[in-house]
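> Sequence unavailable; structure follows:
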């Protein structure tokens, strides 16, 4: 009699635990599916972010090249103007020397 009650009690507990485990298993499977979906979305976002980064790097390189080209152009123009100023100064100095010689005569 007591053995029968003990076994019945064990069977009842096992059935209760089975229901509990089934619920836990369903909850875990639902969580797993949710996490897999999140992972897929993150992979897509990662691809989009990498593409955006690549585009930004390309734009940065384009701007750097344009900046460098503009700098070289400005440097060239500056050297040309400095040379022109130098030539004009030499001409003014020569003219001043000529005028000074004329005055001496």
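Perfect, I can see it now. Keep in mind it's a predicted model, so treat the numbers as computed, not measured.

> where exactly do the helices run in the protein?
Chain-ordered helices for the chain, with DSSP state H as the definition, fall at 2-104.

> quick one: the most centrally placed residue in it from residue 100, how far?
Central residue of the chain (C-alpha atoms, centre = their mean): residue 53, 4.3 Å from the mean position. Separation of residue 53 from residue 100 (C-beta to C-beta, to the nearest Å): 69 Å. All C-beta spots, glycine's among them, are computed from the backbone N, C-alpha and C.

> Which residues are in contact with the residue nearest to the centre of the chain?
The neighbourhood of residue 53, defined by C-beta atoms under 8 Å, 6 or more residues apart in numbering, contains no residues.

> Contact partners for residue 82?
With C-beta under 8 Å, 6+ apart, residue 82 has no contacts at all.

> if I look at it, how far off is residue 88?
Counting by C-beta to C-beta - residue 82 and residue 88 are separated by 11 Å.

> One more: residue 23?
Residue 23 is 95 Å from residue 88, by C-beta to C-beta.

> Over to residue 60?
41 Å.
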